[in-house]
Structure formats: C-alpha cells, structure tokens
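Student: Need coordinates for the below:
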Amino acid sequence: MTEYPQRDIFFVSNSVDELGGVTSWSHQMARLFTENGHRVHVVGITEPAVVQELGELLYPTTTLYDVHPPRVGSARGLKGRLNVAERKLRAERAAGMREQAAKLTALFRAAHPGAVVIVTQVWAMEWVELADTTGLTVIGMSHESFGYCKKTSRFRRVQKHYKDVDRMLALTREDADRWIGQGMNNASFMPNPIPFMPGVPSPRTENVVVSVGRLHDQKGIDMLLDAWAEVVPRHPDWRLRIYGSGEDEDEEILKKQCTALGLDDSVDWMGRTSDVPSALRGGSVFVLPSRGEGFPLALMEAMAAALACAAFDCAPGVHEIIHDGEDGLLANLGNIGELARRLDTLLSDRTLRDTMGDAARTNIQRYTADEIVRKWENLFAFLER
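Tutor: Model prediction:
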C-alpha cells in the first residue's frame with residue numbers, strides 16, 4: 001500500500017458492535033486505516049439492542065454509556081413545556097450528554113496534530129458537537145440515500161448537526177448534489193469499498209437465489225416473497241435462501257406471509273451468517289429487494305462473488321453499482337411484478353447469468369479497498385490545508 005502521513009483517526013457511531021452495514025463499514029475502514037499505519041479508535045455512544053460478533057480487533061474501542069441514555073418526548077407546545085416529568089428527564093439527559101461528551105474531549109485532546117473525527121451516524125454527532133474538537137478535522141456521514149433519509153427524522157437532524165462540520169459525506173455524487181441543493185454547501189461524497197474480494201468466485205452451479213440482509217421493513221423481504229410467488233411456478237427447481245435475522249415479531253410476520261403464499265417448500269430461512277462469502281458461493285443469483293439503501297455492501301459482495309443481481313432501483317448507490325443490463329438487472333422501486341420478471345429472466349438463461357456474473361466481478365473492482373483508501377487520504381490532506 002502507498003504510505004501516507006500517520007494520523008489519529010476516530011470513528012464515532014451509535015454503537016461499536018451494532019448489527020448492520022454501518023458497523024461493518026466502520027470496522028472495515030478502521031482495519032484498513034490501521035494497516036496503513038494510522039492510530040485508530042472506534043467509539044460508540046451506547047450498547048446496541050442487537051449485537052454482531054466482531055472477532056479480534058487491531059485497535060481500541062470505547063463505549064460511552066453503560067446504559068442507554070434516557071429517551072425523552074417532544075418539548076413542543078405548551079403541554080410539552082409544562083410536563084414536569086419530561087422536563088426533569090430532559091435535564092438529566094442533557095447533563096448525561098455533557099458528561100459523556102467530556103470523555104470524547106479527553107480522547108480528542110490526547111490525539112496528535114492532524115487528527116480526524118469521522119462521525120458515521122448523525123445521532124452520534126449530538127455528542128461530538130458537545131465535545132471540544134478544536135484543531136481536529138470533523139467529517140459527518142450519511143450512510144443512506146438522500147431520498148430515504150428525507151422520509152425520516154434524520155433529515156432535519158443532518159441539516160442541523162452536520163451544517164458546520166468540515167465535510168458532510170454522502171455515498172454518491174447524486175446524493176451530495178441533492179444535499180447541496182438543501183443548503184449543505186459542505187457536502188461531498190465517498191463510496192464504500194468492497195467488503196471482500198473472494199479469490200474464488202461462485203461456480204453458479206446451484207439453482208439458488210440468495211438474499212442477505214436484516215429482516216426489517218427497509219430491506220423489503222415482504223416484497224421479495226410476493227415476487228418469488230410469481231417466479232417459482234415457472235422455476236419449481238429453484239430455491240430462495242434468505243440470510244438474516246431481525247426482531248422476533250418481524251421474523252414471525254414474514255414467515256407467516258411465506259406460508260400463506262404457499263412458499264414453504266421453496267424458501268429457506270437461513271438466519272444470520274458470519275460467513276457471507278460461503279453463502280454467496282452457494283448461489284447463482286443475488287436479489288436486493290430493499291425499499292431504501294445507501295451504498296449496499298451486500299450487493300457489492302454478491303457482485304464480487306460473480307453473481308448476477310436483480311434489485312429494486314431504490315437509491316443512487318444501487319444504480320451506480322449495477323450497470324443495468326450489463327452486470328445486473330434493475331426494477332422500479334416497489335414494482336413487484338417487474339422484479340419478478342427480472343428474476344425470471346436470470347433464472348431462464350444460464351448464459352446470461354454467467355455473462356452478467358463475470359461482468360459484475362470485473363466491474364465492481366473499481367471500488368477496491370486501495371482505491372477507496374486513496375480517496376480518503378486525499379480528502380484528509382485537502383481538509384488539512
């Protein structure tokens with residue numbers, strides 16, 4: 001790897017070991033920066049509800065709170081302002097935030113000149129902005145598309161808490177331009193690197209469609225099941241393997257839907273996996289049915305494994321990763337019949353699957369770890385001027 005000036009780099013997230021793509025990305029980048037000679041520290045605000053196993057780490061981690069900070073209601077309106085219990089809880093939370101932000105200040109003050117703070121989630125930024133970041137470069141990130149973020153409470157919080165950071169990073173140029181259009185003139189973009197580049201691609205010999213993702217509404221598994229109900233009568237020798245877990249209630253609802261659609265004989269619920277490469281090697285097609293994404297790691301992993309992919313075009317990151325018709329097939333978001341037809345096309349034509357899978361493995365290498373680290377290093381140098 002190219003040598004770069006050594007820095008202290010802090011990743012600050014909601015949690016150190018929360019289940020999800022942001023955590024996986026944070027630790028991938030922390031490892032890459034550590035291997036590049038930087039001093040990395042990963043900080044989480046609180047313990048998560050659902051944990052992912054991280055294995056042995058090459059860098060320290062810190063979690064600020066022993067217990068989750070108090071959740072408070074809205075202070076809007078006369079009722080909110082006069083609610084004594086809520087006012088007390090809000091005051092306790094504010095005092096606790098200042099106390100925990102002081103821990104961040106202590107970490108930051110011990111850093112060498114040129115240190116960088118990368119805030120991966122806007123909730124965590126509420127603590128960072130209470131800390132003393134004098135002399136540090138602060139970068140705030142949104143790991144979801146502009147369109148999906150705009151439908152959530154995070155949209156206003158990004159505008160509020162990231163407006164004064166040195167750089168606010170979206171995942172694509174298209175989303176950065178949309179943030180700039182909202183007055184975020186510090187916005188730019190940084191794509192994700194490929195999580196891994198397997199030495200051996202999938203042989204694509206099994207009649208298996210693979211899905212990898214949390215069993216959560218955002219990931220659209222309910223729409224995938226509806227699409228699969230249209231596909232499987234034409235391809236009864238194919239199976240759908242769904243890797244991932246979620247809240248017990250969510251899993252139960254999805255499995256009841258599967259049974260109601262008569263799909264129990266063609267759908268395998270695989271649960272969480274710590275070996276995504278092996279899961280992908282066991283398939284010939286990958287499907288991404290999400291309602292919202294940023295720059296989906298699972299899609300990049302599947303393409304690196306040489307799987308042809310079908311996906312809802314739910315975000316700029318998706319149609320930037322997939323070249324529709326060349327290395328995968330896109331369907332309009334929410335159009336279940338169209339997604340079913342895309343899957344039918346891939347399942348019906350092995351030559352097409354192989355051609356698209358090979359193209360996917362080649363094309364996705366524009367997001368290699370070395371290339372993305374180089375982009376980060378150039379950004380650090382630019383912001384330090």
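
Student: okay, now the domains of the chain?
Tutor: 8-192+368-384, 208-366 (automatic domain parsing).

Student: any idea which of the ones you listed is most buried?
Tutor: Highest mean neighbour count of the domains of the chain: domain 208-366, a mean of 20 (counted as mean count of other C-beta atoms under 10 Å). Glycine gets a C-beta too; all of them are placed from N, C-alpha and C.

Student: now that domain: how far from the chain's centre is it?
Tutor: Distance of domain 208-366 from its chain centroid, counting by C-alpha atoms, centre = their mean, to the nearest Å, is 16 Å.

Student: Any idea how far apart the tips of that domain sit?
Tutor: For domain 208-366, the separation between the terminal residues is 27 Å (C-alpha to C-alpha, to the nearest Å).

Student: Kindly report which one of the domains of the chain carries the lowest mean pLDDT.
Tutor: Note on the domains of the chain: lowest mean pLDDT is at domain 8-192+368-384, with a mean of 93.

Student: how far does it stretch from start to finish?
Tutor: 13 Å.

Student: could you pull out the strands for the chain?
Tutor: When secondary structure is read from DSSP state E, the chain shows strands at 8-13, 39-44, 61-63, 116-119, 137-141, 167-170, 187-189, 208-212, 239-243, 267-271, 285-288, 308-313, 328-332.

Student: okay, these in JSON lines with distance to residue 109 next?
Tutor: Formatted as JSON lines, the strands of the chain follow (distance: least, C-beta to C-beta, whole Å):
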{"stretch": "strand 8-13", "distance to residue 109": "11"}
{"stretch": "strand 39-44", "distance to residue 109": "13"}
{"stretch": "strand 61-63", "distance to residue 109": "14"}
{"stretch": "strand 116-119", "distance to residue 109": "12"}
{"stretch": "strand 137-141", "distance to residue 109": "15"}
{"stretch": "strand 167-170", "distance to residue 109": "22"}
{"stretch": "strand 187-189", "distance to residue 109": "28"}
{"stretch": "strand 208-212", "distance to residue 109": "41"}
{"stretch": "strand 239-243", "distance to residue 109": "43"}
{"stretch": "strand 267-271", "distance to residue 109": "44"}
{"stretch": "strand 285-288", "distance to residue 109": "43"}
{"stretch": "strand 308-313", "distance to residue 109": "45"}
{"stretch": "strand 328-332", "distance to residue 109": "48"}
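
Student: For residue 356, which of those is the nearest?
Tutor: strand 308-313 (3.7 Å; C-beta to C-beta).

Student: Let's see the closest one as CSV, backbone CA atoms only.
Tutor: The C-alpha coordinates for strand 308-313 follow below in CSV (Å, rounded to 0.1, in the frame of the first residue of the first chain):
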residue,chain,number,x,y,z
ALA,A,308,-25.8,-11.7,-11.5
CYS,A,309,-28.0,-9.4,-9.4
ALA,A,310,-31.6,-8.3,-9.6
ALA,A,311,-32.5,-5.3,-7.4
PHE,A,312,-35.1,-2.6,-6.9
ASP,A,313,-33.6,0.8,-8.0
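
Student: Does residue 310 touch residue 290 like I think?
Tutor: No: checked against C-beta atoms under 8 Å, the pair residue 310 and residue 290 is beyond contact range at 12.0 Å.

Student: Now do the shared contacts for these two.
Tutor: Residues touching both residue 310 and residue 290 by C-beta atoms under 8 Å, 6 or more residues apart in numbering: none at all.

Student: separation between the most centrally placed residue in the chain and residue 306?
Tutor: Taking C-alpha atoms, centre = their mean, the centroid of the chain lies closest to residue 21, which sits 3.5 Å from it. Separation of residue 21 from residue 306 (C-beta to C-beta, to the nearest Å): 21 Å.
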